[in-house]
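[1] based on what follows, work out the 3D shape:
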Amino acid sequence: MERIGEAELNAYLDGELDAEARVGIESWLAENPEEAARLGALAADRDALAGIGADI
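    Numbering: from 1, shown residues only. Sure thing, here's the model as predicted:
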């Protein structure tokens, strides 16, 4: 499988993919630990951005 782009990884993180796509990404991540780390970084960025302005 080719490298998965950030848009699709973000859709995965947001739970927007169907089961087949989700399983495909999970399989790909298991075979590509460096990409799993990239997903972790995207998740951390998303979580940090979600907290901006939360205390306003």
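[2] pull out the buried positions in stretch 3-17.
    Residues 4, 9, 11-13, 17 are the ones in stretch 3-17 that count as buried (16 or more other C-beta atoms under 10 Å). Heads up, the C-betas are built off the backbone N, CA and C, glycines and all.
[3] and these, which is closest to Ala37?
    Leu9 (11.8 Å; C-beta to C-beta).
[4] just the CA atoms of the longest helix seen in the chain, as CSV, please.
    Using DSSP state H to define each element, the chain has its longest helix at helix 33-51. Only the C-alpha atoms of helix 33-51 are listed here, as CSV (Å, rounded to 0.1, in the frame of the first residue of the first chain):
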residue,chain,number,x,y,z
PRO,A,33,5.9,1.9,12.5
GLU,A,34,7.3,5.2,11.3
GLU,A,35,3.9,6.1,9.8
ALA,A,36,2.2,5.0,13.1
ALA,A,37,4.5,7.5,14.8
ARG,A,38,3.4,10.1,12.2
LEU,A,39,-0.2,9.3,13.1
GLY,A,40,0.6,9.8,16.8
ALA,A,41,2.0,13.2,16.0
LEU,A,42,-1.1,14.1,14.1
ALA,A,43,-3.3,13.0,17.0
ALA,A,44,-1.2,15.1,19.4
ASP,A,45,-1.5,18.1,17.2
ARG,A,46,-5.3,17.6,16.9
ASP,A,47,-5.7,17.3,20.6
ALA,A,48,-3.6,20.4,21.2
LEU,A,49,-5.6,22.4,18.8
ALA,A,50,-8.9,21.2,20.2
GLY,A,51,-7.8,22.7,23.6
